[in-house]
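Chemist: Here's a sequence, model it:
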Amino acid sequence: MAKEIHFPYGKEKLKYSFDEKELAGILTSSIEEYEPQADEITLVKRALENPIGSPKLSELSVGKNNVVVIASDHTRPVPSRIIMPLMLDEIRKGNPEANITILIATGCHRGTTKDELVSKFGKEIVEKENIYVHDCDEREKLVNIGTLPSGGECEINSIAVEADLLVSEGFIEPHFFAGFSGGRKSVLPGVAGRGTVLANHCSEFISHENARTGVLENNPIHEDMLWAAKKAKLQFIVNVVLNSEKEVIYAVAGDLEQAHKKGTDFLSDKCGAKAVYSDIVISTNGGYPLDQNVYQAVKGMTAAEATVKQGGVIIMIASSSDGIGGEHFYHQLADQEDINKTMNVFMNRKRNETVPDQWQTQIMLRVLMRAKVIYISQMDDRMIEKLHMIPAHSIDEAIAKAKKILGKNDVTITAIPDGVSVVVR
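Modeler: Take a look at the predicted model:
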(Lines give C-alpha, C1' and ligand atoms only; values in the text may rest on other atoms or scores of the structure.)
Protein backbone atom coordinates (compact mmCIF):
# COMPACT_ATOMS: atom_id res chain seq x y z
CA MET A 1 0.00 0.00 0.00
CA ALA A 2 1.35 3.44 -0.97
CA LYS A 3 1.25 6.69 0.96
CA GLU A 4 1.54 9.90 -1.10
CA ILE A 5 3.20 12.89 0.55
CA HIS A 6 3.57 16.40 -0.88
CA PHE A 7 6.76 18.33 -0.15
CA PRO A 8 6.90 22.13 -0.65
CA TYR A 9 9.47 23.12 -3.28
CA GLY A 10 9.68 26.81 -4.19
CA LYS A 11 6.12 27.82 -5.09
CA GLU A 12 5.25 24.27 -6.08
CA LYS A 13 5.19 20.85 -4.43
CA LEU A 14 7.05 17.60 -5.13
CA LYS A 15 4.98 14.51 -4.49
CA TYR A 16 6.13 10.99 -3.81
CA SER A 17 4.32 7.73 -3.13
CA PHE A 18 6.04 5.82 -0.33
CA ASP A 19 5.85 2.13 0.32
CA GLU A 20 4.26 2.09 3.77
CA LYS A 21 6.57 -0.76 4.78
CA GLU A 22 9.59 1.56 4.63
CA LEU A 23 7.83 4.77 5.76
CA ALA A 24 8.61 4.78 9.48
CA GLY A 25 6.96 8.10 10.29
CA ILE A 26 5.63 11.44 9.09
CA LEU A 27 6.57 14.31 11.38
CA THR A 28 4.19 17.22 11.08
CA SER A 29 2.95 20.06 13.18
CA SER A 30 -0.64 19.82 14.41
CA ILE A 31 -0.89 23.44 13.28
CA GLU A 32 -2.49 22.03 10.12
CA GLU A 33 -5.39 20.60 12.14
CA TYR A 34 -5.91 23.84 14.07
CA GLU A 35 -9.04 25.71 13.07
CA PRO A 36 -8.47 29.49 13.16
CA GLN A 37 -11.07 31.38 15.14
CA ALA A 38 -11.53 33.97 12.38
CA ASP A 39 -10.17 35.12 9.02
CA GLU A 40 -6.62 36.52 8.76
CA ILE A 41 -7.50 40.22 8.96
CA THR A 42 -9.91 39.71 11.86
CA LEU A 43 -7.31 37.74 13.82
CA VAL A 44 -4.77 40.56 13.53
CA LYS A 45 -7.41 43.19 14.31
CA ARG A 46 -8.49 41.31 17.43
CA ALA A 47 -4.87 41.04 18.58
CA LEU A 48 -4.43 44.79 18.14
CA GLU A 49 -7.69 45.46 20.00
CA ASN A 50 -6.67 43.16 22.88
CA PRO A 51 -2.94 43.68 23.44
CA ILE A 52 -1.14 41.57 26.03
CA GLY A 53 0.60 43.45 28.85
CA SER A 54 0.41 46.77 27.03
CA PRO A 55 -1.88 49.69 26.16
CA LYS A 56 -3.24 49.67 22.61
CA LEU A 57 -0.93 50.82 19.83
CA SER A 58 -3.26 53.75 19.21
CA GLU A 59 -2.76 54.82 22.84
CA LEU A 60 1.03 54.38 22.72
CA SER A 61 1.26 56.56 19.60
CA VAL A 62 -0.42 59.59 21.17
CA GLY A 63 2.11 62.45 21.15
CA LYS A 64 4.75 60.26 19.44
CA ASN A 65 5.93 62.04 16.30
CA ASN A 66 8.78 59.75 15.25
CA VAL A 67 7.38 56.22 15.02
CA VAL A 68 9.42 53.34 13.59
CA VAL A 69 7.89 50.02 12.57
CA ILE A 70 10.45 47.24 12.12
CA ALA A 71 9.32 44.86 9.38
CA SER A 72 10.76 41.58 8.19
CA ASP A 73 12.64 41.26 4.90
CA HIS A 74 12.17 39.22 1.72
CA THR A 75 13.42 35.98 3.32
CA ARG A 76 10.47 35.75 5.72
CA PRO A 77 6.88 34.83 4.79
CA VAL A 78 5.38 37.44 7.14
CA PRO A 79 2.03 38.54 5.64
CA SER A 80 2.91 42.23 5.83
CA ARG A 81 0.15 43.10 3.35
CA ILE A 82 -2.28 42.19 6.13
CA ILE A 83 -0.38 43.32 9.24
CA MET A 84 1.22 46.60 8.16
CA PRO A 85 -1.91 48.51 7.03
CA LEU A 86 -3.62 47.63 10.33
CA MET A 87 -0.61 48.77 12.36
CA LEU A 88 -0.32 52.03 10.41
CA ASP A 89 -4.02 52.70 10.94
CA GLU A 90 -3.66 52.14 14.69
CA ILE A 91 -0.63 54.44 14.93
CA ARG A 92 -2.40 57.20 13.01
CA LYS A 93 -5.55 56.76 15.08
CA GLY A 94 -3.47 57.92 18.05
CA ASN A 95 -1.48 60.51 16.12
CA PRO A 96 -2.65 61.36 12.56
CA GLU A 97 0.47 63.50 12.05
CA ALA A 98 3.00 60.89 13.14
CA ASN A 99 6.13 60.61 11.02
CA ILE A 100 6.32 56.86 10.39
CA THR A 101 9.32 54.95 9.05
CA ILE A 102 9.12 51.29 8.07
CA LEU A 103 12.58 49.85 8.80
CA ILE A 104 13.29 46.59 6.97
CA ALA A 105 15.06 44.12 9.25
CA THR A 106 17.55 42.47 6.92
CA GLY A 107 19.95 41.31 9.63
CA CYS A 108 23.01 40.28 7.62
CA HIS A 109 21.00 39.38 4.51
CA ARG A 110 21.27 41.25 1.23
CA GLY A 111 19.10 44.33 0.83
CA THR A 112 15.45 43.84 -0.09
CA THR A 113 14.70 45.06 -3.64
CA LYS A 114 11.86 47.39 -4.59
CA ASP A 115 10.05 44.55 -6.38
CA GLU A 116 10.32 42.43 -3.24
CA LEU A 117 8.97 45.30 -1.15
CA VAL A 118 5.98 45.65 -3.52
CA SER A 119 5.39 41.90 -3.34
CA LYS A 120 5.55 42.09 0.46
CA PHE A 121 3.58 45.24 1.26
CA GLY A 122 1.67 46.07 -1.92
CA LYS A 123 2.26 48.98 -4.26
CA GLU A 124 0.33 51.57 -2.21
CA ILE A 125 2.46 51.23 0.94
CA VAL A 126 5.72 51.21 -1.03
CA GLU A 127 4.74 54.38 -2.89
CA LYS A 128 3.24 56.28 0.04
CA GLU A 129 5.23 55.29 3.10
CA ASN A 130 8.82 56.07 4.12
CA ILE A 131 10.72 52.77 3.91
CA TYR A 132 14.37 52.27 4.84
CA VAL A 133 16.23 49.00 4.23
CA HIS A 134 18.69 48.27 7.04
CA ASP A 135 22.29 47.51 6.07
CA CYS A 136 24.35 45.89 8.84
CA ASP A 137 27.56 47.36 7.34
CA GLU A 138 26.33 50.96 7.04
CA ARG A 139 28.55 52.26 9.84
CA GLU A 140 27.20 55.81 9.82
CA LYS A 141 23.72 54.43 10.62
CA LEU A 142 24.77 52.40 13.67
CA VAL A 143 24.59 53.53 17.29
CA ASN A 144 26.20 51.70 20.24
CA ILE A 145 23.59 51.19 22.98
CA GLY A 146 25.70 49.10 25.37
CA THR A 147 27.36 45.72 25.92
CA LEU A 148 25.43 42.49 25.43
CA PRO A 149 25.40 39.85 28.18
CA SER A 150 27.65 37.87 25.81
CA GLY A 151 30.23 40.64 25.92
CA GLY A 152 29.72 41.90 22.38
CA GLU A 153 29.05 45.55 21.64
CA CYS A 154 25.37 46.19 20.81
CA GLU A 155 25.13 48.42 17.74
CA ILE A 156 21.65 49.16 16.41
CA ASN A 157 20.36 51.15 13.44
CA SER A 158 20.01 54.79 14.53
CA ILE A 159 16.54 55.00 12.95
CA ALA A 160 15.34 52.51 15.57
CA VAL A 161 17.31 54.07 18.42
CA GLU A 162 16.03 57.59 17.74
CA ALA A 163 12.36 56.60 17.53
CA ASP A 164 9.84 58.06 19.99
CA LEU A 165 7.99 54.78 19.60
CA LEU A 166 9.58 51.56 18.32
CA VAL A 167 7.27 48.73 17.30
CA SER A 168 7.60 45.65 15.10
CA GLU A 169 5.75 43.07 13.07
CA GLY A 170 6.84 39.51 12.54
CA PHE A 171 5.96 35.86 12.76
CA ILE A 172 6.69 33.09 15.22
CA GLU A 173 8.07 29.76 14.07
CA PRO A 174 10.53 27.28 15.54
CA HIS A 175 14.09 28.59 15.12
CA PHE A 176 17.06 26.28 14.95
CA PHE A 177 19.26 28.13 17.44
CA ALA A 178 17.23 31.04 18.85
CA GLY A 179 14.43 28.70 19.97
CA PHE A 180 11.70 30.61 18.17
CA SER A 181 11.62 33.48 15.72
CA GLY A 182 9.63 36.66 16.28
CA GLY A 183 9.55 39.20 19.10
CA ARG A 184 13.04 40.31 20.07
CA LYS A 185 14.63 39.05 16.83
CA SER A 186 13.31 42.15 15.03
CA VAL A 187 16.08 44.13 16.78
CA LEU A 188 18.87 41.54 17.02
CA PRO A 189 19.73 40.42 14.41
CA GLY A 190 17.08 42.38 12.48
CA VAL A 191 18.42 45.93 12.67
CA ALA A 192 21.78 45.31 14.36
CA GLY A 193 25.31 45.93 13.09
CA ARG A 194 27.28 43.02 11.69
CA GLY A 195 29.71 42.92 14.64
CA THR A 196 26.80 42.64 17.08
CA VAL A 197 25.27 39.76 15.14
CA LEU A 198 28.63 38.01 14.96
CA ALA A 199 29.19 38.22 18.73
CA ASN A 200 25.69 36.88 19.39
CA HIS A 201 26.17 34.03 16.90
CA CYS A 202 29.57 32.91 18.23
CA SER A 203 30.61 29.25 18.08
CA GLU A 204 30.40 28.89 21.87
CA PHE A 205 26.74 29.92 21.86
CA ILE A 206 25.82 27.98 18.71
CA SER A 207 27.21 24.80 20.27
CA HIS A 208 25.38 25.42 23.58
CA GLU A 209 22.96 22.60 24.44
CA ASN A 210 20.08 25.08 24.88
CA ALA A 211 20.67 26.87 21.56
CA ARG A 212 18.23 24.54 19.86
CA THR A 213 14.84 24.54 18.19
CA GLY A 214 12.00 25.35 20.57
CA VAL A 215 14.21 26.21 23.56
CA LEU A 216 14.17 29.71 25.10
CA GLU A 217 15.04 29.00 28.73
CA ASN A 218 18.77 29.43 29.42
CA ASN A 219 19.40 29.89 25.71
CA PRO A 220 22.33 32.37 25.57
CA ILE A 221 21.46 33.51 22.05
CA HIS A 222 17.88 34.33 23.07
CA GLU A 223 19.08 36.13 26.22
CA ASP A 224 21.33 38.42 24.16
CA MET A 225 18.51 39.15 21.72
CA LEU A 226 16.02 39.97 24.46
CA TRP A 227 18.49 42.30 26.15
CA ALA A 228 19.06 44.18 22.88
CA ALA A 229 15.34 44.55 22.18
CA LYS A 230 14.67 45.90 25.67
CA LYS A 231 17.64 48.27 25.50
CA ALA A 232 16.42 49.57 22.13
CA LYS A 233 13.00 50.11 23.77
CA LEU A 234 10.96 47.90 21.48
CA GLN A 235 7.58 48.69 23.01
CA PHE A 236 5.00 46.81 21.02
CA ILE A 237 4.95 43.78 18.71
CA VAL A 238 2.44 42.23 16.36
CA ASN A 239 3.39 38.61 15.67
CA VAL A 240 1.48 35.91 13.82
CA VAL A 241 1.61 32.14 13.49
CA LEU A 242 1.20 30.73 9.98
CA ASN A 243 0.07 27.40 8.56
CA SER A 244 1.81 25.62 5.67
CA GLU A 245 -0.12 27.76 3.19
CA LYS A 246 1.44 30.84 4.86
CA GLU A 247 -1.98 31.92 6.16
CA VAL A 248 -2.43 33.61 9.55
CA ILE A 249 -4.05 31.21 12.01
CA TYR A 250 -3.14 32.96 15.27
CA ALA A 251 -2.02 36.47 16.21
CA VAL A 252 -0.65 38.20 19.28
CA ALA A 253 0.08 41.85 19.97
CA GLY A 254 1.41 43.88 22.85
CA ASP A 255 4.40 43.72 25.18
CA LEU A 256 7.65 42.41 23.70
CA GLU A 257 8.02 39.54 26.19
CA GLN A 258 4.46 38.77 27.22
CA ALA A 259 2.92 38.75 23.74
CA HIS A 260 5.81 36.75 22.32
CA LYS A 261 5.51 34.19 25.14
CA LYS A 262 1.81 33.73 24.46
CA GLY A 263 2.65 33.09 20.81
CA THR A 264 5.49 30.65 21.56
CA ASP A 265 3.34 28.81 24.13
CA PHE A 266 0.63 28.37 21.49
CA LEU A 267 3.15 27.14 18.95
CA SER A 268 4.98 24.82 21.36
CA ASP A 269 1.72 23.06 22.01
CA LYS A 270 1.11 22.53 18.30
CA CYS A 271 4.48 21.91 16.64
CA GLY A 272 6.17 19.29 18.80
CA ALA A 273 6.90 15.98 17.05
CA LYS A 274 8.48 12.88 18.56
CA ALA A 275 11.60 11.71 16.73
CA VAL A 276 11.28 8.56 14.62
CA TYR A 277 14.87 7.50 13.97
CA SER A 278 15.39 6.26 10.43
CA ASP A 279 18.06 5.47 7.86
CA ILE A 280 16.76 8.22 5.57
CA VAL A 281 15.01 11.44 6.56
CA ILE A 282 13.43 13.73 3.97
CA SER A 283 12.96 17.38 4.94
CA THR A 284 12.15 20.75 3.35
CA ASN A 285 12.33 24.42 4.23
CA GLY A 286 8.59 24.85 3.77
CA GLY A 287 8.85 26.12 0.21
CA TYR A 288 9.02 29.76 -0.88
CA PRO A 289 10.28 32.14 0.48
CA LEU A 290 12.32 30.19 3.03
CA ASP A 291 13.83 27.77 0.53
CA GLN A 292 15.31 30.41 -1.77
CA ASN A 293 18.91 29.51 -0.93
CA VAL A 294 21.15 26.88 0.64
CA TYR A 295 21.97 29.16 3.58
CA GLN A 296 18.36 29.21 4.78
CA ALA A 297 17.87 25.52 4.00
CA VAL A 298 20.21 24.59 6.86
CA LYS A 299 17.19 25.20 9.12
CA GLY A 300 15.19 22.39 7.56
CA MET A 301 18.23 20.14 7.74
CA THR A 302 18.34 20.47 11.53
CA ALA A 303 14.86 18.96 11.84
CA ALA A 304 16.13 15.94 9.90
CA GLU A 305 19.34 15.89 11.96
CA ALA A 306 17.26 15.37 15.10
CA THR A 307 15.69 12.16 13.80
CA VAL A 308 18.18 10.58 11.37
CA LYS A 309 20.31 7.68 12.55
CA GLN A 310 24.02 8.38 12.96
CA GLY A 311 25.62 7.64 9.58
CA GLY A 312 22.26 7.86 7.80
CA VAL A 313 21.15 10.04 4.90
CA ILE A 314 19.23 13.32 4.89
CA ILE A 315 17.40 14.28 1.70
CA MET A 316 16.91 18.05 1.74
CA ILE A 317 14.40 19.56 -0.68
CA ALA A 318 14.96 23.30 -1.31
CA SER A 319 14.58 24.99 -4.70
CA SER A 320 17.45 27.43 -3.96
CA SER A 321 16.34 29.71 -6.81
CA ASP A 322 18.43 32.51 -5.29
CA GLY A 323 21.59 30.38 -5.11
CA ILE A 324 23.80 29.77 -2.10
CA GLY A 325 22.80 32.78 -0.05
CA GLY A 326 26.17 33.85 1.33
CA GLU A 327 29.66 34.17 -0.10
CA HIS A 328 31.35 33.57 3.27
CA PHE A 329 29.12 30.56 3.86
CA TYR A 330 30.12 29.16 0.47
CA HIS A 331 33.87 29.58 0.97
CA GLN A 332 33.83 28.23 4.54
CA LEU A 333 32.34 25.02 3.16
CA ALA A 334 33.90 24.80 -0.30
CA ASP A 335 37.50 25.85 0.35
CA GLN A 336 38.34 23.06 2.79
CA GLU A 337 37.84 19.38 1.97
CA ASP A 338 38.09 18.23 5.60
CA ILE A 339 34.99 19.43 7.44
CA ASN A 340 36.53 18.46 10.80
CA LYS A 341 39.34 20.97 10.26
CA THR A 342 36.83 23.74 9.56
CA MET A 343 34.84 22.88 12.68
CA ASN A 344 38.01 22.97 14.81
CA VAL A 345 38.86 26.43 13.46
CA PHE A 346 35.40 27.69 14.43
CA MET A 347 35.44 26.17 17.92
CA ASN A 348 38.80 27.79 18.68
CA ARG A 349 37.51 31.28 17.85
CA LYS A 350 36.49 33.58 20.70
CA ARG A 351 33.15 35.42 20.75
CA ASN A 352 34.44 38.63 19.24
CA GLU A 353 36.43 36.76 16.59
CA THR A 354 33.34 35.27 14.92
CA VAL A 355 33.31 35.75 11.15
CA PRO A 356 30.26 36.27 8.91
CA ASP A 357 28.09 33.19 8.30
CA GLN A 358 30.21 31.07 10.65
CA TRP A 359 27.16 30.04 12.70
CA GLN A 360 25.27 28.70 9.68
CA THR A 361 28.33 26.83 8.44
CA GLN A 362 28.94 25.45 11.94
CA ILE A 363 25.43 24.04 12.14
CA MET A 364 25.65 22.60 8.63
CA LEU A 365 28.97 20.96 9.52
CA ARG A 366 27.31 19.45 12.58
CA VAL A 367 24.60 18.01 10.33
CA LEU A 368 27.18 16.69 7.84
CA MET A 369 29.07 15.01 10.67
CA ARG A 370 25.94 13.06 11.54
CA ALA A 371 24.67 12.13 8.07
CA LYS A 372 25.25 12.39 4.33
CA VAL A 373 23.08 15.09 2.74
CA ILE A 374 21.45 14.70 -0.68
CA TYR A 375 20.21 18.06 -1.93
CA ILE A 376 17.30 18.45 -4.36
CA SER A 377 17.38 21.92 -5.93
CA GLN A 378 17.62 23.97 -9.11
CA MET A 379 21.32 24.53 -8.55
CA ASP A 380 24.31 23.35 -10.56
CA ASP A 381 25.46 19.88 -9.47
CA ARG A 382 29.09 20.94 -9.14
CA MET A 383 28.14 23.72 -6.76
CA ILE A 384 26.24 21.32 -4.50
CA GLU A 385 29.22 18.95 -4.48
CA LYS A 386 31.53 21.78 -3.44
CA LEU A 387 29.27 22.26 -0.41
CA HIS A 388 29.92 18.62 0.64
CA MET A 389 26.47 17.48 -0.47
CA ILE A 390 25.21 15.12 -3.15
CA PRO A 391 23.01 16.66 -5.88
CA ALA A 392 19.69 15.17 -7.00
CA HIS A 393 16.79 16.47 -9.06
CA SER A 394 13.90 14.31 -7.91
CA ILE A 395 12.86 12.36 -4.84
CA ASP A 396 13.14 9.12 -6.83
CA GLU A 397 16.75 9.88 -7.72
CA ALA A 398 17.57 10.97 -4.17
CA ILE A 399 16.17 7.82 -2.56
CA ALA A 400 18.02 5.63 -5.06
CA LYS A 401 21.27 7.45 -4.23
CA ALA A 402 20.56 7.19 -0.48
CA LYS A 403 20.06 3.42 -0.72
CA LYS A 404 23.32 3.12 -2.63
CA ILE A 405 25.15 5.13 0.06
CA LEU A 406 23.66 2.96 2.80
CA GLY A 407 24.45 -0.19 0.84
CA LYS A 408 20.98 -1.66 1.23
CA ASN A 409 17.49 -1.51 -0.27
CA ASP A 410 15.69 -2.42 2.93
CA VAL A 411 15.60 1.03 4.56
CA THR A 412 13.44 3.04 6.93
CA ILE A 413 12.35 6.55 5.94
CA THR A 414 11.00 9.44 8.01
CA ALA A 415 9.27 12.24 6.11
CA ILE A 416 9.16 15.84 7.38
CA PRO A 417 7.05 17.78 4.84
CA ASP A 418 7.92 21.13 6.47
CA GLY A 419 11.18 21.04 8.41
CA VAL A 420 10.91 24.59 9.75
CA SER A 421 7.44 24.10 11.24
CA VAL A 422 8.24 21.28 13.66
CA VAL A 423 10.19 20.89 16.88
CA VAL A 424 11.56 17.35 16.81
CA ARG A 425 12.03 16.08 20.35
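Chemist: Report the contact partners of the nearest residue to residue 17 once chain neighbours are set aside.
Modeler: Spatial nearest neighbour of residue 17, chain neighbours left out: residue 2 (4.1 Å); criterion: C-beta to C-beta, 6 or more residues apart in numbering. Every residue, glycine included, has its C-beta placed from N, CA and C. Contacts for residue 2 (C-beta atoms under 8 Å, 6 or more residues apart in numbering) come out as 17, 18, 19, 20.
Chemist: repeat for residue 328
Modeler: Neighbouring residues of residue 328 by C-beta under 8 Å, 6+ apart: 355, 356, 357, 358, 361.
Chemist: ok, and for whichever strand or helix holds it, which residues are buried?
Modeler: Element membership of residue 328 [criterion: DSSP states H and E] is helix 327-334. Across helix 327-334, burial judged by 16 or more other C-beta atoms under 10 Å covers 329, 330, 332, 333.
Chemist: next one: that helix to chain centre, how far?
Modeler: Its chain's C-alpha centre and that of helix 327-334 lie 20 Å apart, by C-alpha atoms, centre = their mean, to the nearest Å.
Chemist: for stretch 382-401, same thing?
Modeler: 24 Å.
Chemist: just the helices in the stretch 201-350 of the chain please.
Modeler: Remark: helices assigned in the stretch 201-350 of the chain by DSSP state H, counting those that start in this stretch are 203-206, 220-231, 256-271, 294-305, 327-334, 339-347.
Chemist: The third one - contacts with which helices or strands?
Modeler: So that's helix 256-271. Helices and strands touching helix 256-271, by 3 or more C-beta pairs under 8 Å, 6 or more residues apart in numbering; DSSP states H and E, are strand 179-180, helix 220-231, strand 234-242, strand 248-254.
Chemist: quick one: which of those is nearest residue 343?
Modeler: Ranking the helices and strands packed on helix 256-271 by proximity to residue 343 (C-beta to C-beta) places helix 220-231 first, at 18.6 Å.
Chemist: where along the stretch 51-200 of the chain do the helices fall?
Modeler: Under DSSP H, counting those that start in this stretch, the stretch 51-200 of the chain gives helices at 57-60, 80-94, 114-121, 123-128, 158-161, 194-200.
Chemist: Taking strand 234-242 as reference, get the angle to the longest one.
Modeler: The one in question is helix 80-94. For helix 80-94 against strand 234-242, the angle by axes from the mean of the first three to the mean of the last three C-alpha atoms, to 10 degrees is 150 degrees.
Chemist: What residues sit buried inside helix 80-94?
Modeler: 80, 82, 83, 84, 85, 86, 87, 88, 90, 91, 94.
Chemist: Spatially nearest residue to the fifth one, not counting backbone neighbours?
Modeler: The shortest distance from residue 85 to any residue other than its chain neighbours is 7.0 Å, reached at residue 125 (C-beta to C-beta, 6+ apart).
Chemist: okay but the one you found is in contact with residue 84, surely?
Modeler: Yes: proximity of residue 125 to residue 84 meets the contact threshold set by C-beta atoms under 8 Å, at 6.1 Å.
Chemist: Name the residues contacting each of these two.
Modeler: Residues touching both residue 125 and residue 84 by C-beta under 8 Å, 6+ apart: residue 102.
Chemist: Most neighbours among the contacts of residue 2, please name it.
Modeler: Within these, most neighbours by other C-beta atoms under 10 Å means residue 18, with 19 neighbours.
Chemist: OK, contacts around that residue?
Modeler: 2, 3, 4, 5, 413, 415.
Chemist: Could you rerun that using 10 Å?
Modeler: Residues near residue 18 by C-beta atoms under 10 Å, 6 or more residues apart in numbering: 1, 2, 3, 4, 5, 24, 26, 282, 395, 399, 413, 415.
Chemist: quick one on the thing from earlier: are any of the contacts of residue 328 buried, and which?
Modeler: Buried members of those, scored by 16+ other C-beta under 10 Å, are 356, 357, 358, 361.
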